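Participant: Here's my sequence, what's the structure:
(chains A and B)
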2 protein chains.
Amino acid sequence: MTAMDVSAHMSHLGASAREASRTMAAAPTRAKNQALLNLARLLREAGSPLSAANAQDLNAARAAGLAEPLVDRLKLSPAVIATVAEGCEQLAAMPDPVGEITGVKRRPTGISVGQMRVPLGVFGMIYESRPNVTIEAASLAIKSGNACILRGGSEAFHSNVALWQLVQEALREAGLPEAAVQLVQTTDRAAVGQLIAMPEFVDVIIPRGGKGLIERIANEARVPVIKHLDGNCHTYIDAQVDLEQAVVVTENAKTQKYSPCNATESLLVHAQSAAAFLPRIGAVFAAKGVEMRCCPVARALLAGVPGAQLTEAQESDWSEEYLAPIISIKVVASLDEAITHINRYSSHHTDAILTTHHPSAMRFLREVDSASVMVNASTRFADGFEYGLGAEIGISTDKFHARGPVGLEGLTSMKWVVLGQGEVRQ
Amino acid sequence: MTAMDVSAHMSHLGASAREASRTMAAAPTRAKNQALLNLARLLREAGSPLSAANAQDLNAARAAGLAEPLVDRLKLSPAVIATVAEGCEQLAAMPDPVGEITGVKRRPTGISVGQMRVPLGVFGMIYESRPNVTIEAASLAIKSGNACILRGGSEAFHSNVALWQLVQEALREAGLPEAAVQLVQTTDRAAVGQLIAMPEFVDVIIPRGGKGLIERIANEARVPVIKHLDGNCHTYIDAQVDLEQAVVVTENAKTQKYSPCNATESLLVHAQSAAAFLPRIGAVFAAKGVEMRCCPVARALLAGVPGAQLTEAQESDWSEEYLAPIISIKVVASLDEAITHINRYSSHHTDAILTTHHPSAMRFLREVDSASVMVNASTRFADGFEYGLGAEIGISTDKFHARGPVGLEGLTSMKWVVLGQGEVRQ
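Facilitator: Sure thing, here's the model as predicted:
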């Protein structure tokens, strides 16, 4: 496409999505659920045309010398297809968030005032790599009564087109506008620049990908952005703690998987617990080959652990999201120091306290300024499915609008409804 | 101040506000309420120093040839002081929004997941003219546990400083950090440019003023903006309607005051009601000197009204916020046409249907995409006090985060809390 074609294409997608969003906002729950069930069936029946499209992307990726773990993320295996189809069915079974009316109260003037949940309108989704996000985003859009414009990674282009065609069929069969889910039909990067700068057509942008991509989009967007930046998550071991439990939870928080954003990257330990706790968790980390970047006190307490990989933590370690078998460790003198440290260095994603002391638990919950704060649980629980949202479109590290895992409700807003009997303002 | 001084001043305000916001977020409800009661008392006792500061602004405004209605908006009369003092006391009496925990549910894994209401952190407020906004913003910040940085209009500079000094004393007496409410100490416009571009210190910007000011700020801000753009509000008269009531409500919606953003600017009338309704409301408008800009059908129906000022509506009239004794009038063929017209031309502020037909009322509520949608009530009710919010910091015409009148809750966000007993992720 020429630059002019890209521009015309994006304006066309935007105008059609805006128009479709009106129909979607008023669409019956039954039609939306039917579209989701259609989509699940079409995914399961897709067979060779979908495989062929996916193979085209996989071959191109290998030919371009993409590392095998990255090629793997592109793969639409039967297991991946089964999971996204099941996700559509789960969404169909969930209550419709749209139209919920809450908090209606009678005012002294006689009017009743409450709030109604409505779709945001049109969201733009920019994502890399995994083509199953196409289905996740489309299904969340359908259920929440929004329209969306999807822009997947160029390396998954053919897979995304094939999946999107199934979405089109699912919508058509359910009598809903196909334009409710649009796919950007070019890999030209200019399309992204335009997608994030059409406030007349797009209400919010949801980027999923590396920190660099998200910062760039947030800086250039002319509409609100639901940002998921890094996850520098902390687990803090309090002065009074169940040591057995703390070892189990900390091991899970750090080592169950290294790559997720909700894995713990930094361990804070109250001085009173440090001598008893650190050698035990240190032995676990040593056995799993987790490098420990320590403050001097922690390092001294861990020195006797056989096989421990100990290094001195630098200032930059306190801010780092390793996504790897590395953890920073610091001994703190008090709960205050722990909270201050977390509020300074955390990415405000997820932070946990392990404690048996109720006042410490309550202060941590109140004073740690993060999207998820936890007591006696693994930070790995910070997730839309685990929280019961049914699905998540992303995890917001912002405070504005949606915070933490963003599900159907995060794709809606509350408008005010006023029910009167002819009242006038005095 | 030099440019460098302005920059240093703003960074200093930002860093102090950020630090104070941590204390405010954890401040006891009693201390926050005490600060508000102190402020009410100090305002009532302020006497001559405050009058003198206000007189300085009033004299300068008159000397500069400011029109008398504008000079009037600067005046801190005893009545204005009494109203803002009472507002502080009302806020003190309201429940504390901070710390509310809702929706805690047990998950199959054993963890309990819910949400806790917390302050946004630091908000920046940019406003013109009326100095009482200084107290309204400060008192909302205190109650909601936020810190704020205030930038009032240069024409109210001395009044704002005097009011802000009372806020400082009220905070000090209550044992709360004075830095929780900061005032920009320069009228240099560069200060605004910096205030809206310090994401490290300021979480959200709330501009109050003309559309031009707000659009400029929204375009240049590097943090979220709670935008209050124009209020092009509609009243729609349905096919089935209580005519008596419709005349009373429409008269109130348009003529009770012409300048507020929630006054009706455009009247839509179903063809079936037009012949009966239009001459009656036309007579009311004629008597009050309200100019009617009509579609051809409406014009024909209004032609017999003695003294009616009728003109032909131009395309631009459908979008215009007159804030004056002018109204645009259009006859529509159906509820569908009315909804489509409103969704196209409304500023998404407030729109009302007057009807006795239940299905029309429900469709209007669901399908009109505005911050406030009303049935059988005057659009003039769209207001934080009328909605029971206690006070409002502005009215948002956005869909993201807060929508419509923004009170204490709009200055907070919900973070996730997870309560466990040592659970780990499988």
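Participant: Break chain A down into its domains, please.
Facilitator: A:3-226+A:404-419, A:233-386 (automatic domain parsing).
Participant: which one of these lies closest to chain B?
Facilitator: Closest to chain B of the domains of chain A, according to C-beta to the nearest C-beta: domain A:233-386, at 3.0 Å. C-betas here are computed from N, CA, C, even on glycine.
Participant: and that closest one, anywhere near chain B?
Facilitator: Yes: residues of domain A:233-386 contacting chain B under C-beta under 8 Å from any C-beta of the partner chain: A:242, A:245, A:248-249, A:251-253, A:256, A:343, A:352, A:363, A:365-367, A:369-378, A:380-382, A:386.
Participant: can you redo the domains of chain A as a markdown table with mean pLDDT?
Facilitator: Below are the domains of chain A laid out as a markdown table (pLDDT from 0 to 100):
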| stretch | mean pLDDT |
| --- | --- |
| domain A:3-226+A:404-419 | 94 |
| domain A:233-386 | 97 |
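Participant: Mean neighbour count for those domains - can I get that in CSV?
Facilitator: As requested, the domains of chain A are exported to CSV (neighbours: other C-beta atoms under 10 Å in any protein chain shown):
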stretch, mean neighbour count
domain A:3-226+A:404-419, 19
domain A:233-386, 20
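Participant: could I get these as TSV with distance to B:Gly420?
Facilitator: Compiled in TSV, those are given as follows (distance: least, C-beta to C-beta, whole Å):
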stretch	distance to B:Gly420
domain A:3-226+A:404-419	16
domain A:233-386	3
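Participant: For the stretch 1-150 of chain A, just list every one of the strands.
Facilitator: Using DSSP state E, counting those that start in this stretch, the strands of the stretch 1-150 of chain A run over residues A:101-106, A:112-119, A:122-127, A:147-151.
Participant: now for those, which one comes closest to B:Ser154?
Facilitator: Across the strands of the stretch 1-150 of chain A, B:Ser154 has its closest neighbour in strand A:112-119 (37.1 Å, C-beta to C-beta).
Participant: ok, now which ones touch the closest residue to A:Pro260 other than its chain neighbours?
Facilitator: Once flanking residues are discounted, A:Pro260 sits nearest to A:Arg380: 6.8 Å by C-beta to C-beta, 6 or more residues apart in numbering or on different chains. Contact analysis of A:Arg380 by C-beta atoms under 8 Å, 6 or more residues apart in numbering or on different chains lists A:Asn252, A:Ala253, A:Gln256, A:Lys257, A:Pro260, A:Asn262, A:Ala263, B:Val424, B:Arg425.
Participant: Chain neighbours aside, what residue packs nearest to the second one?
Facilitator: When the adjacent residues along the chain are set aside, A:Ala253 lies closest to A:Thr264, with 3.8 Å between them (C-beta to C-beta, 6+ apart).
Participant: Ok, A:Pro97 next?
Facilitator: Leaving aside its chain neighbours, A:Pro97 sits nearest to A:Leu408 (4.6 Å; criterion: C-beta to C-beta, 6+ apart).
Participant: who's in contact with that neighbour?
Facilitator: Counting by C-beta under 8 Å, 6+ apart, A:Leu408 has contacts A:Leu91, A:Met94, A:Pro97, A:Leu140, A:Lys143, A:Ser144, A:Leu389, A:Gly390, A:Ala391.
Participant: do A:Val269 as well
Facilitator: A:Tyr236, A:Ile237, A:Phe277, A:Leu278, A:Ala298, A:Ile329, A:Lys330, A:Val331, A:Val332.
Participant: need the strands for the stretch 251-400 of chain A, in chain order.
Facilitator: Using DSSP E, counting those that start in this stretch, strands in the stretch 251-400 of chain A cover A:264-270, A:291-294, A:310-312, A:326-332, A:350-354, A:372-377, A:394-396.
Participant: check contacts around the closest residue in space to A:Glu100 that isn't next to it in sequence.
Facilitator: Spatial nearest neighbour of A:Glu100, chain neighbours left out: A:Arg117 (4.3 Å); criterion: C-beta to C-beta, 6+ apart. Applying C-beta under 8 Å, 6+ apart to A:Arg117 gives the contacts A:Pro97, A:Val98, A:Gly99, A:Glu100, A:Ile101, A:Thr102, A:Glu409, A:Thr412, A:Ser413, A:Met414.
Participant: and if you look at A:Met414?
Facilitator: Applying C-beta under 8 Å, 6+ apart, the residues contacting A:Met414 are A:Thr102, A:Gln115, A:Met116, A:Arg117, A:Val118, B:Arg403.
Participant: What of A:Glu89?
Facilitator: Contacts for A:Glu89 (C-beta under 8 Å, 6+ apart) come out as A:Leu36, A:Leu37, A:Ala40.
Participant: Tabulate these (a markdown table), appending distance to B:Tyr322.
Facilitator: Listed next are those as a markdown table, based on distance: C-beta to C-beta, whole Å:
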| residue | distance to B:Tyr322 |
| --- | --- |
| A:Leu36 | 46 |
| A:Leu37 | 50 |
| A:Ala40 | 52 |
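Participant: Kindly list the longest helix within chain A.
Facilitator: helix A:3-25 (DSSP state H).
Participant: Who are the packing partners of that one?
Facilitator: strand A:112-119, strand A:122-127, strand A:147-151, strand A:181-183, helix A:190-195, helix B:358-367 (3 or more C-beta pairs under 8 Å, 6 or more residues apart in numbering or on different chains; DSSP states H and E).
Participant: Could you look up the SS state of A:Pro199?
Facilitator: coil (DSSP: H, G, I helix; E, B strand; the rest coil).
Participant: residue furthest from the geometric center of chain A?
Facilitator: Most distant residue from the mean C-alpha position of chain A: A:Gln426, 47.3 Å away (C-alpha atoms, centre = their mean).
Participant: For that one, which residues are in contact?
Facilitator: When contacts are counted by C-beta under 8 Å, 6+ apart, A:Gln426 touches A:Thr109.
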